[in-house]
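Enquirer: attaching a predicted model along with its sequence, questions to come.
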Amino acid sequence: MKKLLPSFSILFLGFFFWGCSQTGDSSSFVYCSEGSPSSFNPQIFTDGTSNNASSHTLYERLVAFEYGSVKIIPSLAKKYSISDDRLTYTFQLRPDVHFHSRSVRGSDRPEDNFTPTRPLNASDVLFSFNRMFKKEHPFHKVSGGSYEYFVGMGMNKSIKEISAPDDMTVIISLHSPDAAFLANLAMPFMSILSKEYADHLSQLGEPERIDQYPIGTGPFVFKKYVKDSLIRYKRHEKYWGELPYIKRMAFAITPDASVRYQKLKTMECQFINSPSPADLKALKREPHLKVMDGFGLNVGYLAMNVQKKPFNNSLVRAAINHALNKKAYIKAIYLDQAVPAKNPLPPTIWSYHDALEEIDYNPEKAKKLLKEAGYANGFETELWTLPVSRPYNPNGKKMGEMMQSDLAKIGIKVKLVTYEWPTYLKKTSNGEHQMVQLGWSGDNGDPSNFLNVLLSCDGVASGSNSARWCHPEFDKILQKALVTSDIKERTALYKEAQEIFRQELPWAPIAHSRVFRAMHKKVRGYKMDPLGGDIFRYVTMKEEKE
């Protein structure tokens, strides 16, 4: 049965499409997204849902990944240079980059309205980076002061100083070489915010609004957000680059994958994220729709909180790994559109350790390990299931039920728990869970983006390491891999790190999945992002030629 949209959404989307049909305007676009964003500031979130809502629409970085690839190109910096010792990065900013304006119709409250008085300059870059870097920065503790990516990627340790010799030049000095540093700068968490807007909000005594009412330099301007319902955008008419074809855009928040499919069929939206594997055959039969797919840079996993008993015992963690029938999950949930995972890195990334053996499904071995650990009769625990469909796990509830059944066979009694997506992420970041379903889609094509963010000691401190696992030798290897640019040496180090992961098993790696996007055939110019995002800056809506 098709779920009903909230009444506000129905009215809005009805008006949206009525206007398009009456005028013949094909420059309006609706994207059915899978969940609500946890924030509109890329500095303080790590989830792909929020990235699509803000990082790829509202904000930009000094450098960027070329559309559809992982090649790094200039963005807000028109050019950059790196010193021979790889310790100094110098960026020359583009002139005449305009920040968005904000206005709320009918409101004369100063917090609802903002008009920038100048283009982007170096003070905006220093404000954005120092907010994360310096604890004494006036905005550091705004919205909780948690910068998972910045800390998880070790940027707080790599950076020595950020300076601006003039308004259009930014210099970043490092303590030691960092092989992933430039790629990190292209990632969403290094987005540039407006210092002038921050000063405006500070004067009003409402600094936290910077994270929920965004002002960026990106191709689209934020207009309105109705929680769990929709997000509205318009084209940034003063955008420094080529103007997007799309003039008006909406994200219709639709957690149920089957409902997203129905909305696509009826043209309530023109593009959907993560269609259910069960709907793929039907989608491909629809004459006015098309499906794109490819193997993603992702991993889905079950993290065990090693700071809580009994998951502090590696034998218990190994038992759980052997108790989970991953091949059954791939058949029932992914419909064979995935491969079993054995490592924290996906097989599509360099340094993947293919020589390691699969973790076999072996309930009897799992029971023996539990007995050896002192839990011959099992134990009771909670398992948090994903509340949204993600490429790395299209159905967390069903997977949770299958995991619950598998673990019951070895004496572990599991209670399934879930929360709305932003709450799920926040509580996991705080370490409130025992076992939790999560996953990751790579953001920069470098192994450090998986291993450092998800498994380092810094990741525990920042909240991005959901296993809360801190292994000194593992960490030492990760740091050593960052200070060399030799790929062979880095590959050997990352393989060594994967061997330690295999011995300790803070996760049960589950699957590496194919990723799918479905859209109306009129949607042109869309490319599958190898880093997992949905980018609409280059999308047009045109009829196919006969």
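Expert: The structure has been received and is ready for your questions.
Enquirer: got the contact list for residue 447?
Expert: 345, 349, 350, 351, 481, 490, 494 (Cβ atoms under 8 Å, 6 or more residues apart in numbering). (Glycine included, C-beta is placed from N, CA and C.)
Enquirer: residues in contact with the closest residue to the last one other than its chain neighbours?
Expert: Of all residues not flanking residue 494 in the chain, residue 351 sits nearest, at 3.9 Å (Cβ to Cβ, 6 or more residues apart in numbering). Contact criterion Cβ under 8 Å, 6+ apart gives 345, 447, 490, 491, 494, 495 as the residues in contact with residue 351.
Enquirer: specify which member of the contacts of residue 447 is nearest to residue 425.
Expert: Comparing the contacts of residue 447 against residue 425 with Cβ to Cβ places residue 345 closest, at 22.2 Å.
Enquirer: returning to what we had before: save the contacts of residue 447 as TSV, and put in pLDDT and distance to residue 55 too.
Expert: Below are the contacts of residue 447 laid out as TSV (pLDDT from 0 to 100; distance: Cβ to Cβ, whole Å):
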residue	pLDDT	distance to residue 55
345	97	23
349	93	21
350	94	24
351	96	26
481	95	26
490	96	27
494	97	26
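Enquirer: nearest to residue 126 among these?
Expert: residue 481 (29.2 Å).
Enquirer: thinking the closest one is in contact with residue 456, fair?
Expert: No - Residue 481 is beyond contact range of residue 456, at 11.3 Å (criterion: Cβ atoms under 8 Å).
Enquirer: which helix or strand contains the residue nearest to residue 494?
Expert: Under DSSP states H and E, no helix or strand contains residue 351.
Enquirer: how much space separates it from residue 333?
Expert: Applying Cβ to Cβ, to the nearest Å, the value for residue 351 to residue 333 is 28 Å.
Enquirer: how about residue 327?
Expert: With Cβ to Cβ as the criterion, residue 327 and residue 333 are 11 Å apart.
Enquirer: neighbour-wise, which of these two wins?
Expert: In this view residue 327 and residue 333 are compared by other Cβ atoms under 10 Å, and residue 333 has more residues nearby, 24 against 14.
Enquirer: and residue 358, how many neighbours?
Expert: Neighbour count for residue 358, taken as other Cβ under 10 Å: 10.
Enquirer: also residue 355?
Expert: Residues near residue 355, counting by other Cβ under 10 Å, number 8.
Enquirer: next, it: phi, psi?
Expert: Residue 355 adopts backbone torsions of phi -70, psi -20, taken as degrees, to the nearest 10.
Enquirer: per-residue pLDDT, it?
Expert: Residue 355 carries a pLDDT score of 97 in this model.
Enquirer: what of the one 10 residues further on?
Expert: Looking at residue 365, its pLDDT stands at 98.
Enquirer: now do the nearest residue to it once chain neighbours are set aside against residue 355, distance only.
Expert: Nearest non-adjacent residue to residue 365, counting by Cβ to Cβ, 6+ apart: residue 322, 5.0 Å away. Taken as Cβ to Cβ, the spacing of residue 322 relative to residue 355 amounts to 20 Å.
Enquirer: dump the contacts of residue 351 to CSV, plus distance to residue 519 and secondary structure.
Expert: Listed next are the contacts of residue 351 as CSV, based on distance: Cβ to Cβ, whole Å; DSSP: H, G, I helix; E, B strand; the rest coil:
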residue, distance to residue 519, secondary structure
345, 30, coil
447, 31, coil
490, 37, helix
491, 37, helix
494, 36, helix
495, 39, helix
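Enquirer: which of those sits closest to residue 195?
Expert: residue 447 (34.1 Å).
Enquirer: return the backbone torsion pair for the closest one.
Expert: Main-chain dihedrals, residue 447, degrees, to the nearest 10: phi -60, psi -30.
Enquirer: what ranges of the stretch 51-200 of the chain fall below the confidence cut-off?
Expert: By pLDDT under 70, the stretch 51-200 of the chain has no low-scoring segment.
Enquirer: repeat that for 90
Expert: 70, 103-112, 144-146, 148-149, 152-154 (pLDDT under 90).
Enquirer: quick one, helices of it?
Expert: With DSSP state H, counting those that start in this stretch as the criterion, the stretch 51-200 of the chain has helices at 122-133, 148-152, 155-158, 181-185, 195-204.
Enquirer: may I see the ones you listed organised as JSON lines, with distance to residue 341 added?
Expert: Shown next, in JSON lines, are the helices of the stretch 51-200 of the chain (distance: least, Cβ to Cβ, whole Å):
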{"stretch": "helix 122-133", "distance to residue 341": "31"}
{"stretch": "helix 148-152", "distance to residue 341": "20"}
{"stretch": "helix 155-158", "distance to residue 341": "27"}
{"stretch": "helix 181-185", "distance to residue 341": "23"}
{"stretch": "helix 195-204", "distance to residue 341": "41"}
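Enquirer: out of the ones you listed, indicate the one that is most buried.
Expert: Highest mean neighbour count of these: helix 148-152, a mean of 24 (counted as mean count of other Cβ atoms under 10 Å).
Enquirer: that one packs against which elements?
Expert: Applying 3 or more Cβ pairs under 8 Å, 6 or more residues apart in numbering; DSSP states H and E, one finds that helix 148-152 contacts helix 448-455, helix 457-462.
Enquirer: and the contacts of that helix?
Expert: Contacts of helix 148-152 (Cβ under 8 Å, 6+ apart): 43-46, 132-133, 155-156, 187-189, 429, 452-454, 456, 458-459, 461-465.
Enquirer: now do stretch 502-513: distance from first to last residue.
Expert: In stretch 502-513, first residue to last residue: 21 Å (Cα to Cα, to the nearest Å).
Enquirer: if you could redo that for stretch 522-530, that was the one I meant.
Expert: Stretch 522-530 has an end-to-end distance of 22 Å (Cα to Cα).
Enquirer: ditto for stretch 110-128
Expert: 22 Å.
Enquirer: one more: stretch 327-342?
Expert: 12 Å.
Enquirer: same check, this time on stretch 307-323
Expert: Termini of stretch 307-323 sit 21 Å apart (Cα to Cα).
Enquirer: give me the buried positions along it.
Expert: Within stretch 307-323, the residues that qualify as buried are 310-311, 313-323, counting by 16 or more other Cβ atoms under 10 Å.
Enquirer: before we move on, what about stretch 54-70?
Expert: Neighbour counts over stretch 54-70 (16+ other Cβ under 10 Å) mark 54-65, 70 as buried.
Enquirer: next helix or strand past the longest strand anywhere in the chain?
Expert: Counting by DSSP state E, the longest strand found in the chain is strand 507-520. Toward the C-terminus, strand 507-520 is succeeded by strand 523-524 as the next helix or strand (DSSP H and E).
Enquirer: show me what that next one is packed against.
Expert: strand 540-541.
Enquirer: hmm, back to that, I'd like the buried residues of stretch 307-323 written out as CSV, with pLDDT added.
Expert: Shown next, in CSV, are the buried residues of stretch 307-323 (pLDDT from 0 to 100):
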residue, pLDDT
310, 98
311, 98
313, 98
314, 98
315, 98
316, 98
317, 98
318, 98
319, 98
320, 98
321, 98
322, 98
323, 98
